[in-house]
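Trainee: Quick one: sequence and predicted model below, then my questions.
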Amino acid sequence: SSVDWSGDRVLVKTNQGNYSGDRLIITLPLGVLKRGDVSFSPAMPAPKRAAIQALGMGVLNKCYLRFAKVFWPAEIDWLEHIPSRRGEWNEWVSFKRAANLPILLGFNAADRGREIESLSDQAIVSSAMQTLRKIFGSQIPDPVDYQISRWASDPFARGSYSFNALGSTPNMRDDLAETLDEMLYFAGEATEREHFSTTHGAYLSGLRVADEIMA
Ligand SMILES: Cc1cc2nc3c(=O)[nH]c(=O)nc-3n(C[C@H](O)[C@H](O)[C@H](O)COP(=O)(O)OP(=O)(O)OC[C@H]3O[C@@H](n4cnc5c(N)ncnc54)[C@H](O)[C@@H]3O)c2cc1C
(Lines give C-alpha, C1' and ligand atoms only; values in the text may rest on other atoms or scores of the structure.)
Protein backbone atom coordinates (compact mmCIF):
# COMPACT_ATOMS: atom_id res chain seq x y z
CA SER A 1 0.00 0.00 0.00
CA SER A 2 1.07 3.60 -0.44
CA VAL A 3 0.17 7.04 0.89
CA ASP A 4 0.71 10.05 -1.36
CA TRP A 5 0.43 13.31 0.58
CA SER A 6 2.22 15.52 -1.92
CA GLY A 7 -0.92 17.29 -3.16
CA ASP A 8 -3.98 19.07 -1.73
CA ARG A 9 -5.65 15.75 -1.02
CA VAL A 10 -4.14 12.60 0.38
CA LEU A 11 -4.26 9.53 -1.87
CA VAL A 12 -4.15 6.00 -0.49
CA LYS A 13 -3.55 3.05 -2.81
CA THR A 14 -4.32 -0.43 -1.51
CA ASN A 15 -4.97 -3.85 -2.99
CA GLN A 16 -8.63 -3.27 -2.05
CA GLY A 17 -8.93 -0.05 -4.06
CA ASN A 18 -7.81 3.56 -3.99
CA TYR A 19 -9.06 6.30 -1.70
CA SER A 20 -8.61 10.04 -1.42
CA GLY A 21 -9.51 12.57 1.26
CA ASP A 22 -8.65 15.82 2.99
CA ARG A 23 -7.16 13.98 5.92
CA LEU A 24 -5.89 10.52 6.77
CA ILE A 25 -5.73 8.96 10.23
CA ILE A 26 -2.98 6.36 10.33
CA THR A 27 -3.24 3.72 13.08
CA LEU A 28 -0.83 1.21 11.59
CA PRO A 29 1.00 -0.82 14.24
CA LEU A 30 4.58 0.32 14.89
CA GLY A 31 5.82 -3.05 13.58
CA VAL A 32 4.13 -2.45 10.22
CA LEU A 33 5.58 1.08 10.02
CA LYS A 34 9.02 -0.32 10.85
CA ARG A 35 8.92 -2.78 7.96
CA GLY A 36 7.91 -0.08 5.52
CA ASP A 37 5.03 -2.20 4.19
CA VAL A 38 3.20 1.06 3.52
CA SER A 39 5.24 3.62 1.57
CA PHE A 40 4.89 7.38 2.02
CA SER A 41 5.42 9.97 -0.68
CA PRO A 42 7.00 12.32 0.18
CA ALA A 43 8.89 10.39 2.86
CA MET A 44 7.92 11.21 6.43
CA PRO A 45 10.17 13.78 8.16
CA ALA A 46 13.37 12.61 9.86
CA PRO A 47 12.14 12.81 13.51
CA LYS A 48 9.18 10.55 12.73
CA ARG A 49 11.37 8.08 10.85
CA ALA A 50 13.87 8.12 13.74
CA ALA A 51 11.05 7.40 16.22
CA ILE A 52 9.77 4.51 14.10
CA GLN A 53 13.26 3.06 13.99
CA ALA A 54 14.22 3.57 17.65
CA LEU A 55 11.03 2.59 19.50
CA GLY A 56 10.75 -1.15 19.98
CA MET A 57 7.97 -3.51 18.89
CA GLY A 58 7.83 -6.41 21.33
CA VAL A 59 6.50 -9.92 21.00
CA LEU A 60 4.29 -11.76 23.46
CA ASN A 61 2.79 -14.96 22.14
CA LYS A 62 0.05 -17.05 23.65
CA CYS A 63 -0.61 -20.77 23.54
CA TYR A 64 -3.94 -21.95 24.92
CA LEU A 65 -4.11 -25.61 25.91
CA ARG A 66 -7.48 -27.22 26.59
CA PHE A 67 -7.42 -30.37 28.72
CA ALA A 68 -10.09 -32.98 29.38
CA LYS A 69 -10.09 -31.89 33.01
CA VAL A 70 -8.23 -29.64 35.43
CA PHE A 71 -5.11 -31.32 36.89
CA TRP A 72 -3.57 -28.17 38.39
CA PRO A 73 -4.60 -26.41 41.64
CA ALA A 74 -8.08 -25.10 40.76
CA GLU A 75 -7.91 -22.07 43.08
CA ILE A 76 -4.83 -20.58 41.37
CA ASP A 77 -5.18 -18.10 38.47
CA TRP A 78 -1.54 -17.27 37.64
CA LEU A 79 1.31 -19.77 37.69
CA GLU A 80 4.86 -18.43 37.51
CA HIS A 81 7.76 -20.61 36.38
CA ILE A 82 11.47 -19.78 36.18
CA PRO A 83 12.62 -21.32 32.90
CA SER A 84 16.17 -22.18 31.90
CA ARG A 85 15.61 -20.17 28.69
CA ARG A 86 14.57 -16.59 29.33
CA GLY A 87 10.99 -15.82 28.32
CA GLU A 88 10.06 -19.45 27.65
CA TRP A 89 6.76 -20.54 29.23
CA ASN A 90 7.52 -18.43 32.30
CA GLU A 91 3.91 -17.51 32.94
CA TRP A 92 0.64 -19.44 32.81
CA VAL A 93 -2.96 -18.45 33.35
CA SER A 94 -5.64 -20.89 34.44
CA PHE A 95 -9.15 -20.37 33.05
CA LYS A 96 -10.68 -22.60 35.70
CA ARG A 97 -11.77 -19.91 38.15
CA ALA A 98 -12.57 -17.18 35.60
CA ALA A 99 -14.44 -19.26 33.01
CA ASN A 100 -14.83 -22.70 34.61
CA LEU A 101 -12.87 -24.20 31.71
CA PRO A 102 -9.98 -26.71 31.88
CA ILE A 103 -7.70 -24.38 29.91
CA LEU A 104 -4.15 -23.22 30.61
CA LEU A 105 -2.66 -20.30 28.70
CA GLY A 106 1.14 -20.20 28.42
CA PHE A 107 3.22 -17.21 27.29
CA ASN A 108 6.47 -16.86 25.37
CA ALA A 109 7.93 -13.37 25.46
CA ALA A 110 10.54 -11.26 23.66
CA ASP A 111 13.26 -13.23 21.78
CA ARG A 112 11.79 -16.59 22.75
CA GLY A 113 8.36 -15.38 21.66
CA ARG A 114 9.81 -14.48 18.26
CA GLU A 115 11.75 -17.75 18.01
CA ILE A 116 8.83 -20.10 18.53
CA GLU A 117 6.91 -18.58 15.62
CA SER A 118 8.97 -20.66 13.19
CA LEU A 119 8.10 -23.90 15.03
CA SER A 120 5.18 -26.09 14.02
CA ASP A 121 2.07 -26.13 16.21
CA GLN A 122 3.00 -29.66 17.32
CA ALA A 123 6.51 -28.57 18.36
CA ILE A 124 5.10 -25.63 20.35
CA VAL A 125 2.52 -27.80 22.13
CA SER A 126 5.17 -30.43 22.87
CA SER A 127 7.53 -27.76 24.30
CA ALA A 128 4.67 -26.43 26.46
CA MET A 129 3.94 -29.94 27.73
CA GLN A 130 7.61 -30.48 28.63
CA THR A 131 7.43 -27.42 30.87
CA LEU A 132 4.09 -28.42 32.41
CA ARG A 133 5.45 -31.93 33.08
CA LYS A 134 8.44 -30.36 34.82
CA ILE A 135 6.01 -28.45 37.05
CA PHE A 136 3.27 -31.04 37.58
CA GLY A 137 4.96 -34.39 36.89
CA SER A 138 5.15 -36.78 33.95
CA GLN A 139 1.69 -38.29 34.51
CA ILE A 140 -0.32 -35.25 33.33
CA PRO A 141 -2.36 -35.84 30.14
CA ASP A 142 -1.83 -34.28 26.72
CA PRO A 143 -4.20 -31.44 25.76
CA VAL A 144 -7.29 -32.17 23.68
CA ASP A 145 -7.06 -28.88 21.76
CA TYR A 146 -4.88 -25.78 21.42
CA GLN A 147 -4.80 -22.25 19.99
CA ILE A 148 -1.50 -20.49 19.16
CA SER A 149 -0.70 -16.87 18.25
CA ARG A 150 2.18 -15.73 16.01
CA TRP A 151 2.06 -11.94 16.30
CA ALA A 152 5.50 -11.19 14.82
CA SER A 153 4.68 -13.05 11.59
CA ASP A 154 1.23 -11.51 11.28
CA PRO A 155 1.51 -9.05 8.36
CA PHE A 156 -1.09 -6.78 9.99
CA ALA A 157 0.65 -6.66 13.38
CA ARG A 158 4.40 -7.44 13.06
CA GLY A 159 4.64 -7.73 16.81
CA SER A 160 2.44 -7.46 19.90
CA TYR A 161 2.90 -3.97 21.32
CA SER A 162 5.55 -1.26 21.50
CA PHE A 163 8.15 -0.81 24.23
CA ASN A 164 10.82 1.75 25.09
CA ALA A 165 13.87 0.16 23.47
CA LEU A 166 17.35 1.15 24.59
CA GLY A 167 18.22 4.38 22.77
CA SER A 168 14.62 5.57 22.45
CA THR A 169 13.23 8.54 24.40
CA PRO A 170 9.71 9.51 25.58
CA ASN A 171 9.80 12.45 23.13
CA MET A 172 9.89 9.95 20.29
CA ARG A 173 6.30 8.98 21.12
CA ASP A 174 5.36 12.62 20.48
CA ASP A 175 7.35 12.63 17.23
CA LEU A 176 5.45 9.53 16.17
CA ALA A 177 2.15 11.22 17.05
CA GLU A 178 3.01 14.51 15.30
CA THR A 179 0.49 15.58 12.65
CA LEU A 180 1.92 16.34 9.21
CA ASP A 181 0.57 19.26 7.17
CA GLU A 182 -2.87 18.99 8.85
CA MET A 183 -3.28 16.04 6.52
CA LEU A 184 -1.67 12.95 8.09
CA TYR A 185 -2.77 12.17 11.65
CA PHE A 186 -1.16 9.39 13.68
CA ALA A 187 -2.89 7.33 16.35
CA GLY A 188 -2.47 3.85 17.85
CA GLU A 189 -0.92 2.62 21.08
CA ALA A 190 2.67 3.45 20.11
CA THR A 191 1.80 7.17 19.77
CA GLU A 192 0.72 7.44 23.42
CA ARG A 193 3.47 8.86 25.58
CA GLU A 194 2.04 7.58 28.87
CA HIS A 195 -0.23 4.66 28.06
CA PHE A 196 1.62 2.96 25.21
CA SER A 197 1.35 -0.86 24.90
CA THR A 198 -2.28 -0.85 26.00
CA THR A 199 -5.81 -0.88 24.65
CA HIS A 200 -6.71 2.25 26.61
CA GLY A 201 -3.60 3.94 25.15
CA ALA A 202 -4.86 3.13 21.66
CA TYR A 203 -8.32 4.46 22.61
CA LEU A 204 -6.92 7.68 24.08
CA SER A 205 -4.83 8.25 20.96
CA GLY A 206 -8.01 8.03 18.88
CA LEU A 207 -9.66 10.67 21.06
CA ARG A 208 -6.57 12.90 20.74
CA VAL A 209 -6.65 12.78 16.95
CA ALA A 210 -10.43 13.27 16.83
CA ASP A 211 -10.11 16.36 19.08
CA GLU A 212 -7.34 17.72 16.88
CA ILE A 213 -9.38 17.31 13.70
CA MET A 214 -12.55 18.78 15.24
CA ALA A 215 -10.71 21.79 16.73
C1 LIG B 1 -0.68 -11.02 23.55
C2 LIG B 1 -1.14 -9.62 23.83
C3 LIG B 1 -1.60 -9.30 25.09
C4 LIG B 1 -2.03 -8.01 25.37
N5 LIG B 1 -2.52 -7.73 26.61
C6 LIG B 1 -3.00 -6.50 26.87
C7 LIG B 1 -3.59 -6.21 28.13
O8 LIG B 1 -3.68 -7.08 29.01
N9 LIG B 1 -4.05 -4.96 28.36
C10 LIG B 1 -3.98 -3.98 27.41
O11 LIG B 1 -4.45 -2.86 27.65
N12 LIG B 1 -3.43 -4.23 26.20
C13 LIG B 1 -2.94 -5.46 25.91
N14 LIG B 1 -2.40 -5.72 24.69
C15 LIG B 1 -2.13 -4.59 23.78
C16 LIG B 1 -3.31 -4.12 23.00
O17 LIG B 1 -3.94 -5.23 22.39
C18 LIG B 1 -2.78 -3.14 21.93
O19 LIG B 1 -2.02 -2.12 22.54
C20 LIG B 1 -3.90 -2.50 21.15
O21 LIG B 1 -4.72 -3.47 20.54
C22 LIG B 1 -3.31 -1.62 20.07
O23 LIG B 1 -4.35 -1.01 19.34
P24 LIG B 1 -4.01 -0.22 18.03
O25 LIG B 1 -5.30 0.31 17.50
O26 LIG B 1 -2.88 0.71 18.27
O27 LIG B 1 -3.42 -1.33 17.04
P28 LIG B 1 -4.14 -2.62 16.44
O29 LIG B 1 -5.26 -3.08 17.33
O30 LIG B 1 -3.03 -3.56 16.13
O31 LIG B 1 -4.82 -2.06 15.11
C32 LIG B 1 -4.06 -1.81 13.97
C33 LIG B 1 -4.94 -2.08 12.76
O34 LIG B 1 -4.19 -1.81 11.57
C35 LIG B 1 -4.49 -2.82 10.62
N36 LIG B 1 -3.39 -2.92 9.67
C37 LIG B 1 -2.12 -3.34 9.90
N38 LIG B 1 -1.39 -3.30 8.77
C39 LIG B 1 -2.20 -2.82 7.80
C40 LIG B 1 -2.03 -2.54 6.41
N41 LIG B 1 -0.85 -2.73 5.82
N42 LIG B 1 -3.08 -2.05 5.72
C43 LIG B 1 -4.28 -1.85 6.33
N44 LIG B 1 -4.51 -2.10 7.65
C45 LIG B 1 -3.49 -2.58 8.36
C46 LIG B 1 -4.64 -4.08 11.45
O47 LIG B 1 -5.38 -5.06 10.75
C48 LIG B 1 -5.38 -3.55 12.67
O49 LIG B 1 -6.78 -3.56 12.48
C50 LIG B 1 -1.98 -7.01 24.36
C51 LIG B 1 -1.54 -7.34 23.08
C52 LIG B 1 -1.12 -8.63 22.82
C53 LIG B 1 -0.66 -8.97 21.42
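Mentor: Looks like it arrived, so ask away. Numbering: from 1, shown residues only.
Trainee: Validate this expectation: Asp175 resides in a strand.
Mentor: No: assigned with DSSP: H, G, I helix; E, B strand; the rest coil, Asp175 falls outside any strand and is helix.
Trainee: shouldn't it be in contact with Arg49?
Mentor: No: in terms of C-beta atoms under 8 Å, Asp175 does not count as a neighbour of Arg49; the distance is 9.1 Å. Glycine gets a C-beta too; all of them are placed from N, C-alpha and C.
Trainee: Please say which of the two ends up with more neighbours.
Mentor: Remark: of Asp175 and Arg49, Asp175 carries more neighbours, 21 against 16, as counted by other C-beta atoms under 10 Å.
Trainee: wouldn't Ser162 be in contact with Ala54 here?
Mentor: No: using C-beta under 8 Å, Ser162 is not in contact with Ala54, being 10.8 Å away.
Trainee: Looking at the two, which one has more neighbours?
Mentor: For Ser162 and Ala54, the more surrounded residue by other C-beta under 10 Å is Ser162, and the numbers stand at 25 against 16.
Trainee: State the distance from that one to Asp121.
Mentor: Taking C-beta to C-beta, to the nearest Å as the measure, Ser162 falls 27 Å from Asp121.
Trainee: Let me see the contact set for the most centrally placed residue in the chain.
Mentor: The residue lying closest to the centre of the chain (C-alpha atoms, centre = their mean) is Ser160, at 1.4 Å. Contacts for Ser160 (C-beta atoms under 8 Å, 6 or more residues apart in numbering) come out as Met57, Gly58, Val59, Leu60, Asn61, Gly113, Trp151, Ala152.
Trainee: Am I right that the fifth one is in contact with Arg150?
Mentor: Yes: distance between Asn61 and Arg150: 6.5 Å, which falls inside the contact criterion (C-beta under 8 Å).
Trainee: Mutual contacts of these two, please.
Mentor: Common contact partners of Asn61 and Arg150 (C-beta under 8 Å, 6+ apart): Glu117.
Trainee: Show me which of the two is the more surrounded one.
Mentor: Between Asn61 and Arg150, counted using other C-beta under 10 Å, Asn61 has the larger neighbour count: 24 against 18.
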